Structures are given as C-alpha cells and as structure tokens.
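Enquirer: below are the sequence and a predicted model; questions follow.
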Amino acid sequence: MSPGTRDPAATTGPLLLGVRHHGPGSARAVRAALDAARPAAVLIEGPPEGDALLALAADPGMRPPVALLAHAADDPGRAAFWPLAGFSPEWAAIRWAQERDLPVRFIDLPAAHSLAVPEDQAPDQEGEGEGEGGQEGEAGEAHGAAPGSVRLDPLAVLAETAGYEDPERWWEDVVEHRGGAGPAADPLGVFEALGDAMGALREEYGAGGHHRDLVREAYMRQRMRAARREFGDAYAVVCGAWHVPALRTRTTAAADKALLTGLPKVKVETTWVPWTHRRLARAGGYGAGITSPGWYAHLFAARDRPVERWLTKVAGLLREEDRQVSPAHVIEAVRLADTLAAMRGRPVPGLTETLEAVRAVMCDGSDIPLALIEDRLVVGDVLGEVPDAAPVVPLQRDLTRRQRSLRLKPEAQDRELELDLRKDTDAAKSLLLHRLRLLGIDWGVPTASRGSTGTFRETWRLRWEPELAVRVAEAGIWGTTVLGAATARAEADAAGAGELGEVTALAERCLLAGLSGALPAVLRALADRAALDTDVAGLAKALPALARSLRYGDVRGTDAAALGTVAAGLAERICVALPPACAAGLDADAAEELRGHVDGVHGAMGLLEALDTDGLRERWAAVLRTLAGRDTVPGLIRGRAARLLLDDGRLPPEETARLMGLSLSPACAPADAAGWIEGFAGGGSGGGTLLVHDERLLGLIDGWLVSVPERAFIDVLPLLRRTFGGYEAGVRRSLGELVRRGPAPVGASVPGSGAAPAGFGPELDPVRADAVVDLVHLLLAGARG
C-alpha cells in the first residue's frame with residue numbers, strides 16, 4: 001500500500017495510537033502499526049510551538065535523550081520540558097514520518113497557554129512536577145480523575161484487575177516483553193485493547209478528568225479536524241493512552257471552541273536541550289518518569305538475546321570495580337533468570353528476575369554492588385546531544401564555545417576536576433566556573449581538595465543537569481557573553497546589596513571570577529556601606545572575606561590595591577570598636593558569636609600582614625591584650641584572646657599562667673571560669689595538645705576543677721564536657737594519665753623555667769642536635785609543599 005492508504009478491514013476514522021510515554025515496547029509497536037497503516041501524516045502529543053524544530057530531529061547531531069524546552073520570552077524561569085528518549089513512542093513516530101518525508105506535527109495545548117497560568121493556580125498534572133528549571137511538560141503516563149476525586153493511576157488499576165501487585169511488572173509482561181507473536185503479528189491489537197481499557201476506566205471513574213485535561217483534549221480535537229480537512233482520515237495520532245477515548249468521542253467544534261475561549265497567553269520561545277536518563281527516572285521527581293530508563297534503552301537497542309547482552313554489561317561494570325566476574329558467572333546468571341521467569345509464569349525474564357540473578361551469582365548476595373548496577377545501568381547517566389543548529393540564546397552559544405575551547409564537556413555524571421591556577425588553561429577553567437556560579441548556573445561546585453590546600457589549587461565537582469539550560473536562558477538578560485553577563489550581574493548585585501557582608505562576599509566572588517570590570521562598582525558599594533555600618537559584629541564578619549579576596553587577587557594576578565585600602569580601614573575600625581562591644585554585659589550566645597568574630601578577625605589580620613605599613617598587626621595584638629586582661633569581658637572571650645596571644649608568641653608562659661590563675665580563682669564565678677577554659681583550650685583549637693605539653697597550665701585547670709562546689713560543678717559540666725569532649729582520643733588519654741600521675745615532682749621541667757626534666761642533662765648537646773638538622777629541613781620543606 002502507498003502512504004495514505006488504509007486497510008479496508010480497518011475501522012473508519014484516524015489511527016489512534018495510545019501509548020505509555022517512554023516505553024520500548026510501545027515504541028516498537030508504534031513503528032509496526034505505522035508500517036501496517038501507512039498514514040499520510042502523523043500527529044504527536046506535544047506543544048505546537050515545537051513544529052518548527054521537528055526538522056532537527058533528523059539532524060545527525062541530535063542524539064536522544066533530549067527535551068523540547070519552552071519558556072516565557074519575558075520570564076525564562078517559567079519553563080516546561082517535554083523529554084523524549086530514543087525508546088519513546090513519540091520519538092519513534094517522529095523519526096518514522098521523517099524517514100518517509102511525511103508531515104509530522106504536534107497537537108497538544110500550546111505552551112503559550114500552559115505557561116501563562118501562574119504556578120500557584122496551575123492544576124495538578126501528572127508529568128508536570130516542579131523542577132529546578134521550572135515545570136516539566138506533560139509527556140508522561142496519562143492519568144485522569146473525575147472533578148473533585150482522587151488522582152487515578154490507570155496502569156495500577158489495570159494491573160490489579162489482571163492480578164498483578166506491581167504495575168511496572170504488568171506493563172512489562174503485556175507490552176514490553178511481547179515478541180514476534182505480539183505487535184509484529186497484530187500491530188494494531190495492543191492499541192485497540194489499551195484504548196478499550198482506558199475507555200472503561202474513564203467510564204467507571206469519570207471521563208472528565210481535570211479541567212486542564214478537558215482543555216487539552218479539546219485542542220487536540222481541533223487540530224485533528226484541521227488534519228482531516230487536509231488528509232481525510234489517513235493520518236495517525238500518537239498520544240497518551242488516557243486521551244484516546246476522548247479523541248474518539250464525537251463532539252462539536254463549537255463545544256471545543258467554548259472550552260478554549262479566553263485562555264491566557266504569553267509569548268514563548270522553544271528549543272531542544274540535552275536530557276539525561278537519570279532525569280527520565282521517576283525517582284528524580286519527573287511525574288511521567290519510569291523506574292528503569294537504562295534498562296528500557298537496552299531493551300530497545302538489543303533486538304535479540306536482551307538478557308544475555310544485559311548481563312554481559314553487568315559483568316563488565318563489575319570487572320571495572322575490581323570484582324571477580326567470569327563468563328561462567330554470566331552463563332549461570334542467565335540460567336537463573338530464565339528459571340525464575342518460568343517459575344513465575346512470565347514470558348521472558350524481566351528486570352526483577354535479572355537483578356535477583358545478578359545479586360545471587362555475581363554479587364554473592366550483597367546489595368552494595370547491586371546498588372552500583374542499579375545506579376549505573378538500570379538508571380544510567382546517558383546525556384543526549386543537540387545539534388549546533390538548534391536555536392539558543394547568545395549566552396548559551398558563548399558558553400558552548402568556551403566549553404569546547406577549554407575542553408570542558410558537559411557530562412551527566414559527577415566528575416571531580418583538579419585545577420592548578422598557575423597553568424593558563426586551568427586558570428581559564430576556574431574563571432569560567434566562578435562566573436557561571438555568580439550567574440546562578442551551578443554547573444560546578446567548589447569542594448575540598450584531597451591534595452594540596454594551597455591557594456594555587458582548586459577542586460570542583462562538575463555535573464550538568466538539564467535544568468541548567470533554563471538557568472542560562474534566565475542569565476541571558478545580563479549579556480550575550482559569560483564575561484559580560486557576569487560583570488553586569490555583579491554590578492547589579494552590588495547596587496542592590498542590603499548588608500556589608502553581602503558586598504564583601506560579592507567582592508570575593510568578583511576576584512575569584514576575574515571580573516575587574518565590576519570591581520569599581522563593587523568597591524564603591526563596599527566603601528559606602530562600610531562607612532555607614534556601626535555594628536562591630538557586621539564589620540568583623542565582613543573583614544575575613546576581604547582578606548581572602550586580597551589573597552585570591554594576588555594568586556590570580558588581579559590588581560586589588562583599592563580593596564586593600566578598604567580592608568585596612570575596616571580593620572582599624574574593628575580595633576577601636578571591639579573592646580567596648582565585648583564589655584557590654586553579653587549573654588552566653590552573644591559571647592559565643594563574638595568569640596567566632598575574634599577568631600575570624602585574627603585570621604584576617606594574618607592575611608593582611610603584607611599591607612601592614614602602619615603597625616596594624618601590633619594594634620590588633622594590643623586589642624587582644626586588652627580583652628585578655630579586662631575582667632568585665634566574658635570569660636569565653638578573655639580565654640580566647642589569651643590563647644591567640646600565646647600562639648603568636650606575644651604572651652609569655654608565665655603571664656599566661658598568671659591570667660589563667662586569676663580567671664580560675666575562687667573569686668570568679670564558676671560559669672565564667674568554665675567559659676575561660678572553653679575559650680583558651682577548646683577542642684577545635686589544639687588546646688588539648690597544649691595542656692599535654694604544659695603541665696603547669698594543666699595543674700591550674702585540675703586544681704580549679706577540684707575546688708568547684710558540687711552545685712556549681714553540675715551547672716558548668718555541659719560546657720566542660722563540650723570543651724574536653726572535642727579532644728582526640730589520644731589527647732584525652734594522655735591528659736588522663738598526667739592527672740592520675742599527679743603534679744610534676746620537684747625539680748621537674750616546667751616550660752619556660754629552664755630546668756631540665758629528670759633523666760636529661762642540664763644543657764643542650766649541640767653535637768646531637770646538629771645531627772638532625774638536615775632531617776628537620778626536609779620535613780619542613782615537605783610540609784610547606
């Protein structure tokens with residue numbers, strides 16, 4: 001028969017092929033039915049705005065999974081996706097028509113209408129769940145319900161009617177695993193049966209469905225009327241099986257037009273974007289998703305011996321993970337899967353039987369390697385590709401160009417990227433990733449490096465998600481290139497920042513991203529807010545980010561002299577305002593917050609030391625001495641100030657012991673004394689090691705603990721437990737042994753006293769000391785590297 005002819009035995013009317021979206025059995029059955037009927041045109045459930053892009057489906061550069069993306073032209077964040085895999089029936093129908101040069105069109109409700117409905121007013125719809133990039137368009141299983149009723153899952157009802165507990169298993173047995181005796185022998189039978197079943201369900205549970213379903217079906221019928229005027233009844237419709245009874249129903253054009261009158265409308269733009277198997281999975285939040293896209297892709301590609309080929313893939317994956325899997329394991333797993341299928345009355349082994357065989361034969365009964373198989377093969381991280389001819393915003397085109405020049409290929413699976421900023425290419429990759437993050441395009445996320453922690457090293461975790469295409473479209477309002485858009489976004493953020501901390505963080509990000517063009521605007525905003533901010537906590541919170549920015553500017557060769565001037569001025573104001581702020585009757589929470597700020601400022605002062613032309617470091621040391629010696633300052637802050645001075649070599653051990661003795665004297669409240677110990681010897685500051693090596697300080701703390709009254713001890717116990725519980729197990733053990741041994745004997749060494757410990761000579765032996773000098777140099781050089 002030639003295209004456009006129909007079998008005389010066929011029923012009148014167009015060919016309606018009701019499918020389950022993303023099913024290989026449905027896809028093969030659709031091709032077989034189209035081969036048998038040979039319609040003159042094919043209509044597909046999908047937004048008509050995509051008609052102009054359908055020709056790209058035949059481009060050699062188009063490799064599913066892909067998705068049709070539609071977004072509002074004035075608000076790219078309002079977007080919808082219509083995903084298609086290589087095994088989707090819609091994709092099979094599109095390619096069938098294109099291979100024969102036949103017209104193919106989308107007939108669902110236009111995205112211009114569906115995207116015009118505000119999110120909070122949009123009715124619940126299967127397959128249109130919220131995602132990071134917006135809504136995912138209805139390309140899923142057809143679900144419907146009567147007005148006011150509970151949402152219906154038709155597959156679950158049909159499976160239960162057939163005696164199955166699992167709808168997926170029923171669908172596999174009825175459709176996906178049908179062999180030559182199925183669709184090949186009677187290509188239209190499965191669709192007629194599904195259409196009749198859906199008709200019965202709509203009759204039983206309500207044929208109306210949600211109002212949005214009624215509107216969509218009215219629009220589909222309108223497009224079918226237009227096709228009938230052009231092709232007669234010699235056309236085919238591929239849509240969700242739930243809609244088939246509604247499309248069979250004879251209604252008047254006037255009634256359908258009434259449903260479509262007055263619909264809101266927005267201007268939309270459409271394109272193709274890469275999609276992933278993982279985003280096709282129902283576990284990823286996709287309402288029309290399937291549980292095993294990787295398995296379905298395999299079933300569609302492997303036309304013969306699918307189980308044997310699948311288990312060979314599994315064996316290869318396990319060998320890559322250094323597990324001992326031989327061909328004998330594969331043969332035995334095939335036999336076990338066949339046996340399980342026969343025992344359960346299934347036509348062929350399904351995914352359940354295959355995975356059970358893998359667990360028993362290849363995984364030694366363990367679920368750990370099985371979880372790897374389910375993640376890598378059952379779901380998978382296949383990322384589709386879209387040809388360059390697909391329309392994109394200019395920003396996306398610039399990003400693609402930079403990805404190629406830097407050899408940073410977007411991938412669906414997690415990938416760790418180590419960068420050495422001393423290399424030009426690595427530095428360019430870092431700048432690109434930081435600029436994208438500033439634009440809200442989190443393709444890469446910085447993570448802790450397992451190797452060097454120097455400022456010349458960066459580690460990123462990369463993963464490309466389909467929703468990032470929407471983020472790129474949204475960011476397109478800032479410019480046509482990544483650099484230009486990031487610069488404009490940074491300037492706008494600086495102008496709109498409400499707090500000093502926001503501007504300092506932005507300055508740091510600008511330096512990391514190499515946005516020298518945005519720095520003047522950011523620095524003006526920073527100077528303005530720093531001049532107006534009188535809150536010492538806000539100033540102290542902002543300084544560390546500025547200090548880090550100066551360090552990053554030095555590493556990346558960025559001129560940050562103006563930033564240094566602002567940082568130095570900020571540090572001066574902190575030195576003046578911090579002592580009064582710490583002596584203003586702070587409660588425990590406020591003291592803890594200020595202790596954190598003191599730590600942050602101390603670290604920042606170290607980074608600012610290169611700018612210290614006016615003795616800034618000395619003034620900060622004077623501030624710490626003031627805090628450590630002023631009894632109106634909370635014990636937590638006094639103890640921390642004393643510890644920082646001691647670590648910097650600015651507080652002699654004898655003075656440290658004197659301050660500790662005063663803070664732990666009976667005249668001090670136990671809670672304040674316990675706070676001093678927390679500030680001085682807290683677990684995260686190496687305080688335990690200090691006490692191990694300075695028995696005098698340990699003895700002072702031990703003596704204070706013994707003298708605390710019982711009632712007061714109970715009050716301070718939680719704080720003490722937090723202090724000493726933070727020590728490593730070895731440090732706690734050493735402290736316990738020292739306390740059990742008691743005070744150091746008379747004549748024993750006390751740090752700073754110059755006396756020699758028992759068993760050691762009174763003076764240093766220079767000959768023995770010189771013998772280890774070379775080794776110490778090597779160790780220190782290795783630590784610096």
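Expert: Thanks, I have the structure now.

Enquirer: any idea how far residue 176 is from residue 295?
Expert: Note on residue 295: its distance to residue 176, by C-beta to C-beta, to the nearest Å, is 10 Å. Every residue, glycine included, has its C-beta placed from N, CA and C.

Enquirer: so who does the residue nearest to residue 394 when sequence neighbours are not counted touch?
Expert: Nearest residue to residue 394 in three dimensions, chain neighbours excluded: residue 480, at 3.8 Å (C-beta to C-beta, 6 or more residues apart in numbering). Contacts for residue 480 (C-beta atoms under 8 Å, 6 or more residues apart in numbering) come out as 394, 395, 398.

Enquirer: distance check, residue 480 against residue 173.
Expert: In terms of C-beta to C-beta, residue 480 sits 53 Å off from residue 173.

Enquirer: can you check residue 540 too?
Expert: Taking C-beta to C-beta, one finds residue 540 at 67 Å from residue 173.

Enquirer: residue 257 reaches residue 222, doesn't it?
Expert: Yes. In this structure, residue 257 is within contact of residue 222 by C-beta atoms under 8 Å, at 7.4 Å.

Enquirer: the two: which is more packed in?
Expert: residue 222 (16 against 12; other C-beta atoms under 10 Å).

Enquirer: what subset of the contacts of residue 480 is buried?
Expert: The neighbour-count criterion (16 or more other C-beta atoms under 10 Å) marks 395, 398 among the contacts of residue 480 as buried.

Enquirer: ok, back up a step: more neighbours: residue 540 and residue 173, which one.
Expert: Legend: neighbour count by other C-beta under 10 Å for residue 540 and residue 173, higher for residue 540 (25 against 20).

Enquirer: now the element after the helix or strand containing residue 155, going C-ward?
Expert: Using DSSP states H and E, residue 155 sits in helix 154-161. Moving toward the C-terminus from helix 154-161, the first helix or strand encountered (DSSP H and E) is helix 167-171.

Enquirer: quick one: list the elements packing against the helix holding residue 155.
Expert: Packing partners of helix 154-161 (3 or more C-beta pairs under 8 Å, 6 or more residues apart in numbering; DSSP states H and E): helix 167-171, helix 189-205.

Enquirer: how about low-confidence regions in the stretch 51-200 of the chain?
Expert: 118-152, 177-186 (pLDDT under 70).

Enquirer: longest strand anywhere in this protein?
Expert: strand 75-84 (DSSP state E).

Enquirer: what comes up buried for that one?
Expert: So strand 75-84, judged by 16+ other C-beta under 10 Å, has buried residues 76, 78, 79, 80, 81, 82, 83, 84.

Enquirer: adding distance to residue 720, write those residues out as JSON lines.
Expert: Output for the buried residues of strand 75-84, formatted as JSON lines (distance: C-beta to C-beta, whole Å):
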{"residue": "76", "distance to residue 720": "56"}
{"residue": "78", "distance to residue 720": "56"}
{"residue": "79", "distance to residue 720": "56"}
{"residue": "80", "distance to residue 720": "58"}
{"residue": "81", "distance to residue 720": "56"}
{"residue": "82", "distance to residue 720": "62"}
{"residue": "83", "distance to residue 720": "58"}
{"residue": "84", "distance to residue 720": "63"}
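
Enquirer: okay, now the unreliable bits of the stretch 351-500 of the chain?
Expert: 449-455.

Enquirer: in it, which spans are helices?
Expert: Using DSSP state H, counting those that start in this stretch, the helices of the stretch 351-500 of the chain run over 351-361, 367-373, 394-405, 424-438, 468-475, 482-496, 500-512.

Enquirer: likewise the stretch 601-750 of the chain?
Expert: Using DSSP H, counting those that start in this stretch, helices in the stretch 601-750 of the chain cover 616-629, 635-647, 653-663, 670-681, 687-693, 695-707, 710-725, 729-741.

Enquirer: so the second one versus helix 710-725, what angle?
Expert: On the basis of axes from the mean of the first three to the mean of the last three C-alpha atoms, to 10 degrees, helix 635-647 is oriented at 40 degrees to helix 710-725.

Enquirer: now do the buried residues in helix 635-647.
Expert: For helix 635-647, a neighbour-count test (16+ other C-beta under 10 Å) marks 635, 636, 637, 638, 639, 640, 641, 642, 643, 644, 645, 646 as buried.

Enquirer: next one: the last one
Expert: Buried residues in helix 729-741, defined by neighbour count with 16+ other C-beta under 10 Å: 731, 732, 734, 735, 738, 739.
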